[in-house]
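Asker: Following is a predicted model, sequence given first.
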Number of protein chains: 2
Amino acid sequence: MTNDLQTRAINTIRFLAADAVQQANSGHPGLPMGAAAMAFALWTRHLRHNPVNPKWAGRDRFVLSGGHGSMLLYSLLHLTGYDLPMEEIKNFRQFDSKTPGHPEYGLTPGVETTTGPLGQGFAQGVGMAMAATHLAEEFNRPGHELIQSHIYAIVTDGDLMEGVSSEAASLAGHLQLGRLIYLYDDNHVSIDGSTDLAFTEDRCKRFEAYGWHVQTVADGNDVDVVDAAIQAAKADPRPSFIAVRTIIGYGAPKKQGTSKAHGEALGDEELNAAKQNLGWPLEPRFLIPGDVLEFYREAVERGRELETEWMKRFEAYKQEYPELGADLERRLKREFPRGWDADLPVFPADEKGMATRVSSGKVLNVLAAKLPELVGGSADLTPSNNTKFEEAGDFQKDNHGGRYFRFGVREHAMGAALNGLNLFGGLIAYGGTFLVFSDYMKPAIRIAAISGIPSVFVFTHDSIGLGEDGPTHQPVEHLMALRAVPNLTVIRPADANEVAQAWRVALTRKHSPTVLALTRQNLPTLAIGPFVKLDHGAYVLKDFGANPQLILMATGSEVNLIYTAAQRLFGEGIETRVVSFPSWELFEEQDEAYREYVLPKHITARLAVEAGATLGWERYATSVLGLDHYGASAPYKVIFEKFGFTPENVVARAKELI
Amino acid sequence: MTNDLQTRAINTIRFLAADAVQQANSGHPGLPMGAAAMAFALWTRHLRHNPVNPKWAGRDRFVLSGGHGSMLLYSLLHLTGYDLPMEEIKNFRQFDSKTPGHPEYGLTPGVETTTGPLGQGFAQGVGMAMAATHLAEEFNRPGHELIQSHIYAIVTDGDLMEGVSSEAASLAGHLQLGRLIYLYDDNHVSIDGSTDLAFTEDRCKRFEAYGWHVQTVADGNDVDVVDAAIQAAKADPRPSFIAVRTIIGYGAPKKQGTSKAHGEALGDEELNAAKQNLGWPLEPRFLIPGDVLEFYREAVERGRELETEWMKRFEAYKQEYPELGADLERRLKREFPRGWDADLPVFPADEKGMATRVSSGKVLNVLAAKLPELVGGSADLTPSNNTKFEEAGDFQKDNHGGRYFRFGVREHAMGAALNGLNLFGGLIAYGGTFLVFSDYMKPAIRIAAISGIPSVFVFTHDSIGLGEDGPTHQPVEHLMALRAVPNLTVIRPADANEVAQAWRVALTRKHSPTVLALTRQNLPTLAIGPFVKLDHGAYVLKDFGANPQLILMATGSEVNLIYTAAQRLFGEGIETRVVSFPSWELFEEQDEAYREYVLPKHITARLAVEAGATLGWERYATSVLGLDHYGASAPYKVIFEKFGFTPENVVARAKELI
C-alpha cells in the first residue's frame, strides 16, 4: 500500500473515534488518536482473525486493556468487516447500542473481553496465554500446530499502575508466556495530568525484573518500527512488553499531549482543527474513504482463508488423532463427555464428617478424571484450599501440560487469569483462596459476572469457623457482598453431599460464575445421601412434625446446628421445618410454587442462621441469628459458642418467634 | 553485650514464639524463628520507641507486614517491656487474649497496625511515611527536628507478590520517601512450597525500578551486617529495601527451610530437637533467661530517656513557636479547633442544584481552611472526584508541604496509605475514586473498619447516574456490600446540604471509617437548609398530609425522585411520608423512640427506592425499587427512565402497597 493510503487508513481510525465521541458528546478520543498507528500495525500486519467468524478457535486474541479507548476497537471492528455497522458507531454510548462506553464481552462481535476497570484486560490476557500454552501442549503434534494463538493487548499507564497488572506480569514472567505481546501506550498522560505527577518508575526495568522481553519504540506513529518490534516479540520466547511512545489525542492542535484529550469530546472547533491539521476533510463526519475501506476489508478475505486453511489442518489432525480431535471439538463447544458426573461421590451419613473443603477436594478428583479440560489452582493456599487433584501436574514453564496453577499470593491476578482461561475456550478453570480474600479479587469476580464467564471461585475458610487465625481472616460480610453481585451464583454447601452437587451445578452454569463457600472445620455428613436438592437453592431437609409452625433455615456449617436445634424444639412439642439454603440465586430461579412449598407464607415464624452479616436475610426470615461484628482469634468451637451459635441459643431465639 | 548473650537473646525470641505456637497448637513458628536476628538488630539497635508509652508521638513505627508472624512481635513487645505480660503470651490465639493470630491495632499495646491480609502492612507503612514526611515539613524548624520517625517494616514473599505492595512501592519510590526502611524476609518459602513455584522475578531489580535504595544481606542471622544495612538505609534519601536471606523455621532440624515450618506448630519432637540444635534448654517452656530479660528491658529506660529528651525539645519548640506547638498538640490529640465547622456552607433551595461531588468539593474547601490537618487525594480522578481543595499544593518529593496526594491509578495502595496516614497521628486523610472502584480497595476499607481507623473514602459516580461510561463503571451492589462491613459508616447524601453534614459526621467519627457516596449528576438542592438531620441517619423530609398511610424512603439521588412521587400521590389523595435515608449505620445508632418516630410500625406500606441492589432493604421496607442487574451505557436520564426510576413508576409501585 502507498504511504498516503496508510496514513489515511490510520487517520480514519482517529477520526471515526473522535467523531463518535463528539456525536455522543461523551467518551475518550485521546487513546484512539494516539494509538491508531500501532493498532494499525498490529491489526493489518499481525493479528490473525476472521471478522466473519469472530469465534474462530484458531484466532489470535486482542485485548484493549485500556477499555476507555473503546472507539479504537469499535473502529477497527467496523473497518475490518465485523458485524458492527456504521449505525452502531454513530450510536456510540447510547442505550441498547453495541458500542457502549467500555467494551463488553458477549455484546459486540469481536470484543474478546470486558475491559474498562484498569488492569483487568492485562491480567485476563495472561490467563488467555496460559490457556493457549496449555492447549498447545495438550493438542499440538509435530506438523499439526493447531493452537498458535498469540495474545495481543494495548495497555495503558493506568493499567500498569494497577496492582493486578503487577501480579499478572510477575506470573507471566515466571511462566515465560511467550505468546503474550503487550503494546504499552506510553503517552505520559493520565487523568490528573502528566504521569510525572504520580508515575515515574522505570517501567521497562520493572518488566525486565519480571522476566519479560522489553523493547521501546520512540515514535508510536512509525508503523514499520512498531511492526518490527512485534516481529521481534513473536520470535522471543519470553512475554513481550513494547513501550511505544505515543501522543494522546494526536493531531488535535491544542489538546494533544495533555489530559484534556483523554476523557471528553474534543469539541467541534478542536475536532475541526485536528482534521485540518492532519489533512482530513471536515465533512462528512464518520468519513471512510473508499480505498481505505477496501483496504481494511481485505481482512474479511484473509480471515476466511486463515480459517479455511486452519479447518483443513484440523481435519487432517482429526484423521491422524481422532480421539484428540473429537475431544478438542467437544471442549471448544464446552460440552461435557457422556457420564461426566456419573461417578460423583455419594457420602454416607457420618456424625464426624469432614470439612467441605475436604469433600470438595474429593469431588474435584473425580471430576478431573472425567474432564481433562478441568484446570485450576490456588493463590498459594493449596494445602488449605484442597484445590489440587492428584493427577494434576504443575503448569510451569517447563511443563505446559500441567493442569495445576501456582498463582502465588496473587488473588487478584488469579481471578482475572481464571476469567481469561475460561474465555479462551477449551478449558474450565477454577481457583481457590480464603473467602475473606475474595475482597482482594472482587473486581475480577465482577468482570466474570458482568461478562457471563463461568469461572469457579473456590473460597474456603468461610466463616469464624476457621478459628485461631482471627478477625483479619474471618469473613463476616463477604457472603452477603457476593450475593449482591448480579449474575453471580453463591453456594455454601452444608455437607459433603451438597458439595458434590455444588460442583455439578457450578460446572453446568455456562454463562455465569460461581462461588463455592467451604469450611475449614469438619461438618457432619447429614443423612440425605444423593437426594439433596442443592440445585433448587433451598429445600426441606426435614420436617420435624407434620405441621411445622416454625421454619429454621441455614447455610453451610450452620445447617447441622439448626438440625440439632429442631430436634430439641420438636422434643418440646414445637413442630419445626429445617431448610437447607445453600444458594439464594438458585432458589430465586425456582418457580413460585416450589418457593411457596419450601417457605409457605402461612409459617411466619422463621429464623435464619448464618455465621455472617444478617443484612439481607430479612428477605426470607423474620429473625436472623448472624454476625454483625468481627470475629475473634480462638479455637472455633469457642468462637461459635461465645457468639451464640449453639443449639441452646437457636432454640431460645426460635421460641421468641412463636 | 557478649556474643553469647546476643545469641541467647535471639533464641529467646525464637523459642517464645515456637513455644506459644506449640501451646496453642496453632500459628506460624517459621517467620519468628527465621527473622529473629534481623528483628533483634532493628529493635535493639535502631528502633526509637518507649515501651511504657506506646503512643509517644516521636517514636519510630514498626510494621510487621507478614502478620502471621505475630509471635515475633508479641515476643519483642513482651521482652522490651510493653504491657503484654507472659500470661498473654501463653494465651496466644485464645479468646479474649491480647495475642490474637494476627496483630490487631487497638487491642495490643505496641501494635501499630492490623496486619495479616498480605500487603496491607507494606502499604500502610507508605502512608505513615507520607504522614511523617509531611508533618516534618510542616512542623520541623532548624534546630527543632521534632518529627524524625522512621517507618520500619518486615515484609515477606507474600507481601511482595500482592499487587497492593507494588502500587505502594511505586508510589513510595515516586515520592522518595526516605523514611521507609523495609526488611524483606527473603526465605524462599511460601505456603505452597518453594518460591520457585511461583515467584522467580528479580525482586531487587523491581525495587530499583521503583526508585528504591536496594541492599542485600546474604545471612539473615548476621546481626552486624543487618545493622550496617539499616544504617546505610537511614543515610540514603530514598526508601530502602533490604533483602535479607533467612531460613524459615531456623533451628528446627527437619522443618527449617521448608513450608512445613510456616503455618503450624512444630510438634513436641521437632520443637525439642530445635532447642537441642540451638543449645536451648528443653524445659521450662517460655523460658526467658534472666540476663536476656535484663538486656531487653533496657528498652524501658532508653525509651523513657528518648521520650523525656523529646518532650524537652517539644517544650523548647513551644517556647519558640507557640502557635505551631499548640497546633501540633491539638492535632496529635485529634481535637478540632474551635469553630471548625462554623462556616460549613448552607445551600439555598435550588431546582437545578449541583452534583453532590461538586458540593463535596465546596465543603472540602471550607473545611480545609479551618483544618490544616486535613489532607487528601485521589486515585487519578481528581477532576472527577472534586477532591482537591484550592489551597492544597501537591505533595511531591520536592514539596513535602503539599496537602494533596496524587495517588495515581492505585486505589488499593491509596486505601491502605490513607489508613497509614490516619494511624500516624496529626493528620486527617481522605481519598477519592469512583464508587465502583471501591472493589479495588476493599481489603484496605476492611482494615480501616476492623482497626477503627477514621479514613474518609470519597466515592463519586455512585450509581447508573454516571451515564455513558456504562456497566463496568456503574456500581450496583457496592452500597450494600459496604453497608455489610461492620464498623463502617456509609453515607449517601441527597443534596448539597446533606453533603455538608455528611462531611461533619465523617470527621467527627474518630474510631471508624466513613464512605461518602456522591453523584456525578446534578441533584436539586431541597428546601431544607441547615435543618437536615443527616446525623440521625434517616429523617422525615416531609409529610404530605397529617396522617401518612405510606412511607417512601430513599437515599442520595433518589430522594428527589420520591419527593416528586409523593407530591403526585398526595395530589391523588394518598397521604405520604418522605424519608431521606442517607445512612443505615447512623440510623441504627438512634434510640428506639426516634426510629419508631421516623418509621412507625403501623405504617406497613413502605417503598424503598435506591439505584442499587435491593438485597437488604427488606429490613426497613415492604417493597423495593432497585436494581438487581447491571446498568447500561447511555445518557443518565435515559438509563433512569429505562430502569424505572421515574415518578410514574414510583407512584405505581407505591399504589400497589396500599
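Answerer: Cool, the structure landed. Residues are numbered from 1 along each chain as shown, chains lettered A, B, ... in the order given.

Asker: Give me the three-state assignment for residue A:364.
Answerer: Here residue A:364 is helix, with the state taken from DSSP: H, G, I helix; E, B strand; the rest coil.

Asker: What count of nearby residues applies to the closest residue to chain B within chain A?
Answerer: Using C-beta to the nearest C-beta, the closest approach of chain A to chain B is made by residue A:163 at 2.2 Å. (Each C-beta comes from the backbone N, C-alpha and C, glycine too.) Counted with other C-beta atoms under 10 Å in any protein chain shown, residues neighbouring residue A:163 total 29.

Asker: tell me the pLDDT at it?
Answerer: With respect to pLDDT, residue A:163 scores 98.

Asker: thinking residue A:21 is in contact with residue A:30, fair?
Answerer: No. Residue A:21 lies out of contact with residue A:30 (C-beta atoms under 8 Å); the separation is 9.4 Å.

Asker: quick one, which of these two is more surrounded?
Answerer: A direct count of neighbours by other C-beta under 10 Å for residue A:21 and residue A:30 places residue A:30 higher, at 33 against 26.

Asker: ok, that one - contacts?
Answerer: A:69, A:187, A:189, A:248-249, A:255, A:261-263 (C-beta atoms under 8 Å, 6 or more residues apart in numbering or on different chains).

Asker: switch the cut-off to 7 Å
Answerer: Residues in contact with residue A:30 (C-beta atoms under 7 Å, 6 or more residues apart in numbering or on different chains) are A:248-249, A:261-262.

Asker: same thing with residue A:583?
Answerer: Applying C-beta under 7 Å, 6+ apart to residue A:583 gives the contacts A:489-491, A:537.

Asker: from the residues you listed, which is closest to residue B:323?
Answerer: Closest approach to residue B:323 among the contacts of residue A:583 (C-beta to C-beta): residue A:490, at 56.2 Å.

Asker: any idea which element that closest one lies in?
Answerer: In this assignment (DSSP states H and E), residue A:490 forms part of strand A:489-491.

Asker: before we move on, the earlier item: now the residue of chain A closest to chain B: how far from residue A:118?
Answerer: For residue A:163, the distance to residue A:118 (C-beta to C-beta, to the nearest Å) stands at 10 Å.

Asker: Of the contacts of residue A:583, which pair is most distant in space?
Answerer: With C-beta to C-beta as the measure, no two of the contacts of residue A:583 lie farther apart than A:490 and A:537, at 10.1 Å.

Asker: For these two, list the residues in contact with both.
Answerer: Common neighbours of residue A:490 and residue A:537, counting by C-beta under 7 Å, 6+ apart, are A:583-585.

Asker: can you put these in JSON lines and add pLDDT?
Answerer: Formatted as JSON lines, those follow (pLDDT from 0 to 100):
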{"residue": "A:583", "pLDDT": "98"}
{"residue": "A:584", "pLDDT": "98"}
{"residue": "A:585", "pLDDT": "98"}
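
Asker: Now, those residues that are in helices?
Answerer: Using DSSP state H, the subset of these located in helices is A:584-585.

Asker: Closest one of the shared contacts of residue A:490 and residue A:537 to residue B:596?
Answerer: Using C-beta to C-beta, the shared contacts of residue A:490 and residue A:537 come closest to residue B:596 at residue A:584, 30.1 Å.

Asker: unless I'm mixing things up, that closest one is touching residue A:483, no?
Answerer: Yes. With contact taken as C-beta atoms under 7 Å, residue A:584 and residue A:483 are classed as touching, separated by 5.5 Å.

Asker: Which of these two has more residues huddled nearby?
Answerer: residue A:483 (27 against 23).

Asker: Stretch A:578-598: how far from the chain's middle?
Answerer: Relative to its parent chain, stretch A:578-598 has a centroid offset of 27 Å by C-alpha atoms, centre = their mean, to the nearest Å.

Asker: Can you measure across it, start residue to end residue?
Answerer: The separation between the terminal residues of stretch A:578-598, taken as C-alpha to C-alpha, to the nearest Å, is 10 Å.

Asker: which residues of chain A score low on pLDDT?
Answerer: Along chain A, segments meeting pLDDT under 70 span A:528-531.

Asker: Show me the common contact partners of residue A:584 and residue A:483, please.
Answerer: Contact with both residue A:584 and residue A:483 is made by residues residue A:490, according to C-beta under 7 Å, 6+ apart.

Asker: Which stretches in the stretch 201-350 of chain A count as strands?
Answerer: Ranges of strands in the stretch 201-350 of chain A, per DSSP state E, counting those that start in this stretch, are A:213-217, A:240-245, A:350-355.

Asker: Tell me the buried residues in the last one?
Answerer: Right, strand A:350-355. Buried residues in strand A:350-355, counted by 16 or more other C-beta atoms under 10 Å in any protein chain shown: A:353-355.

Asker: The shortest one now?
Answerer: Within strand A:213-217, the residues that qualify as buried are A:213-215, A:217, counting by 16+ other C-beta under 10 Å.

Asker: Closest to residue B:506 out of those residues?
Answerer: residue A:214 (44.3 Å).

Asker: got a list of what that closest one touches?
Answerer: By C-beta under 7 Å, 6+ apart, the residues touching residue A:214 are A:204, A:207-208, A:241.

Asker: farthest-separated two in the residues you listed?
Answerer: A:208 and A:241 (8.6 Å).

Asker: who has more neighbours, the two?
Answerer: The residue with more neighbours, out of residue A:208 and residue A:241, is residue A:241; 27 against 20, by other C-beta under 10 Å.

Asker: Residue A:182 is in contact with that one, correct?
Answerer: Yes. Residue A:241 is within contact range of residue A:182, at 5.4 Å (criterion: C-beta under 7 Å).

Asker: for residue A:71, helix, strand, or coil?
Answerer: Here residue A:71 is helix, with the state taken from three-state DSSP.

Asker: For it, which non-adjacent residue is closest in space?
Answerer: Of all residues not flanking residue A:71 in the chain, residue A:17 sits nearest, at 3.6 Å (C-beta to C-beta, 6 or more residues apart in numbering or on different chains).

Asker: Burial check on that neighbour, number of neighbours?
Answerer: Residue A:17 - counted by other C-beta under 10 Å - has 29 other residues nearby.

Asker: Next: the one 5 residues further on.
Answerer: Neighbour count for residue A:22, taken as other C-beta under 10 Å: 22.

Asker: Where does it fall, secondary structure wise?
Answerer: With DSSP H and E as criterion, residue A:22 is part of helix A:3-24.

Asker: Around chain B, which positions in the stretch 301-450 of chain A sit nearby?
Answerer: Residues of the stretch 301-450 of chain A lying near chain B by C-beta under 7 Å from any C-beta of the partner chain: A:380-383, A:394, A:406-410, A:412, A:439-440, A:442-443, A:446, A:450.
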